[in-house]
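Chemist: Generate a structure from the sequence data that follows.
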Amino acid sequence: MDKKIKIAIVGIGNCASSLVQGFTYYKNAGEDQKIVGLMHTVLGGYKISDIEVVAAFDVNKTKVGKDLAEAIYAEPNNTEVFAKVEKTGIIVQNAPVMDGIGEYLKDVITPSDTTIADPIETLKQSGAEILINYLPVGSQKAVEYWADVCLKAHVAMVNCIPVFIASNKEWAQKFTDAGVPIIGDDIKSQVGATIVHRTLTNLFLDRGMPIDRTYQLNVGGNTDFQNMLERGRLQSKKISKTQSVTSQVKLHGEEIDAKNVYIGPSDYVAWLTDNKVAFIRIESRHFGDVPMNIELRLSVEDSPNSAGIVVDAIRLAKLALNNKVGGPLESPSSYLMKSPPVQFTDAQAKQNVEEFIQKYGLK
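Modeler: Numbering: from 1, shown residues only. I've put the predicted structure just below:
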């Protein structure tokens, strides 16, 4: 099997910046070196250095026409710089805007007026095998457009945002019929607000304590949070984050009334830049119905926190391609994504992924 994994990226924002920086940061990592944020340094026979970006797309005039190595640092990107990427020779191509720019980003992002090339031809000519979707939250039409491009170009998809494709029955069937793998939807971070909230929820329930009320309030200063000031674009994100936590309650055979749960991005604080601050509260009861609660404050650099998860997703998608496994990848999606087609506890999801790797990894 080819040891290179050729990927395309749509949306060269902070998350793409952290991912591409990571390829430089770890390019000389040995097989015996533990890489922070990855399931395995070598997953199914593939290292992080086997991943190669061969195509990139955006709409912002600050990025389109630039080398990827320059575009990942261009405004309005504001994530931490932990690696200086040398020129790649990959020029960021223009793409259709559709609903990709929300009301609160119209004064921040100016669409490029350069020619939009046929993305299907671009993907085919580049040899891309997997498309990473980093479009802004709420880009329903744009994500569906790129999902269709993946189907026509026969390119696997990793859907990192909460527009439901892998977990939508109609789209799932399209990917299955085409024999094209997809991992989705809505990336979990390495240790972010959702995974911490899920873990605490399972801790309470495993110890026989009900979840009476809970909230998760998130604030940040990147364009993702600025974009989600538009409440209409926030809807899918709230659904994704909420069901990621409430699914754990249901897996324990319990219920929680919708009015007793609030989970979702709450506000934009510009000076936080790419730092996300989450406030989590769970109210419960001890033996004898004696009340208790826990409150937690979490602060993370948002984009690096998800980049390692995407590296794993890329390698798992490659295993599916090698073995001609199409459609939504249930095990990888349940471990890596907030809104997979099927929800499991995180411990069970991890075990399922390990079995997936054993079954489909390079022999």
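Chemist: The stretch 1-150 of the chain: strands as residue ranges?
Modeler: According to DSSP state E, counting those that start in this stretch, the stretch 1-150 of the chain carries its strands in the segments 5-10, 51-58, 93-94, 130-133.
Chemist: ok, now how distant is residue 358 from residue 319?
Modeler: Look at residue 358 and residue 319: by Cβ to Cβ, to the nearest Å, they are 10 Å apart. Backbone N, C-alpha and C define where each C-beta goes, glycine included.
Chemist: Please state the backbone phi and psi of whatever residue is furthest in space from the centre of the chain?
Modeler: Note on the chain: the largest C-alpha distance from the chain mean falls to residue 288, namely 41.5 Å (Cα atoms, centre = their mean). In terms of degrees, to the nearest 10, the main-chain angles of residue 288 are phi 80, psi 10.
Chemist: SS state for residue 343?
Modeler: coil (DSSP: H, G, I helix; E, B strand; the rest coil).
Chemist: Just give the nearest non-adjacent residue to it, would you?
Modeler: Counting by Cβ to Cβ, 6 or more residues apart in numbering, the nearest residue to residue 343 once its immediate chain neighbours are dropped is residue 247, at 3.9 Å.
Chemist: Just confirm that neighbour is within a helix.
Modeler: Yes. Assignment of residue 247 by three-state DSSP places it within a helix.
Chemist: Am I right that it is in contact with residue 342?
Modeler: No. Counting by Cβ atoms under 8 Å, residue 247 does not reach residue 342; the two are 9.5 Å apart.
Chemist: Tell me which of the two has more neighbours.
Modeler: residue 247 (19 against 13; other Cβ atoms under 10 Å).
Chemist: Look at that one and report its pLDDT.
Modeler: On pLDDT, residue 247 comes in at 96.
Chemist: repeat for residue 234
Modeler: For residue 234, the pLDDT comes out at 85.
Chemist: Just give the number of residues close to it.
Modeler: 19.
Chemist: where along the stretch 201-350 of the chain do the helices fall?
Modeler: Secondary structure of the stretch 201-350 of the chain by DSSP state H, counting those that start in this stretch: the helices cover 223-227, 231-251, 304-322, 330-336, 346-360.
Chemist: Skipping adjacent residues, who's closest to residue 42 in space?
Modeler: Counting by Cβ to Cβ, 6+ apart, residue 42 lies nearest to residue 31, which is 5.3 Å off, once chain neighbours are set aside.
Chemist: Contact partners for the one you found?
Modeler: Applying Cβ atoms under 8 Å, 6 or more residues apart in numbering to residue 31 gives the contacts 41, 42, 47.
Chemist: Most neighbours among the residues you listed, which one is it?
Modeler: Taking other Cβ under 10 Å as the neighbour criterion, residue 47 ranks highest of the contacts of residue 31 with 22 neighbours.
Chemist: I'd say it and residue 28 touch.
Modeler: No. Applying Cβ under 8 Å, one finds residue 47 not in contact with residue 28, separated by 10.5 Å.
Chemist: before we move on, the earlier item: just read off the phi/psi values of the residue nearest to residue 42.
Modeler: phi -70, psi -20.
Chemist: With residue 4 instead?
Modeler: Torsion angles, degrees, to the nearest 10, at residue 4: phi -90, psi 140.
Chemist: Hmm, residue 52 and it touching each other?
Modeler: Yes. If you go by Cβ under 8 Å, residue 4 and residue 52 touch, sitting 5.5 Å apart.
Chemist: Pull the number of nearby residues for residue 28.
Modeler: Around residue 28 there are 8 residues (other Cβ under 10 Å).
Chemist: Distance check, it against residue 48.
Modeler: In terms of Cβ to Cβ, residue 28 sits 10 Å off from residue 48.
Chemist: same deal with residue 275?
Modeler: Distance from residue 275 to residue 48, by Cβ to Cβ: 25 Å.
Chemist: So what's the residue count around residue 344?
Modeler: The number of residues packed near residue 344 is 18, by other Cβ under 10 Å.
Chemist: Residue 170: how many residues sit nearby?
Modeler: Neighbours of residue 170 (other Cβ under 10 Å): 7.
Chemist: That one falls within a helix, correct?
Modeler: Yes. Under three-state DSSP, residue 170 falls within a helix.
Chemist: What pLDDT is listed against it?
Modeler: Per-residue pLDDT puts residue 170 at 98.
Chemist: In terms of neighbours, single out the busier of residue 358 and residue 319.
Modeler: With neighbours defined as other Cβ under 10 Å, residue 358 and residue 319 compare such that residue 319 has more, 24 against 9.
Chemist: Next up, the contacts around that one.
Modeler: For residue 319, the contact set (Cβ under 8 Å, 6+ apart) comprises 44, 325, 356, 357, 360, 361.
Chemist: quick one: the third one and residue 334, what's the gap?
Modeler: Translated: residue 356. Applying Cβ to Cβ to residue 356 and residue 334 gives a distance of 10 Å.
Chemist: How many residues are close by residue 352?
Modeler: 17.
Chemist: Same check on residue 71?
Modeler: Neighbours of residue 71 (other Cβ under 10 Å): 26.
Chemist: next one: the one 5 residues further on
Modeler: In terms of burial, residue 76 registers 15 neighbours under the definition other Cβ under 10 Å.
Chemist: got the end-to-end distance for stretch 243-259?
Modeler: The straight-line separation of the ends of stretch 243-259 (Cα to Cα, to the nearest Å) is 14 Å.
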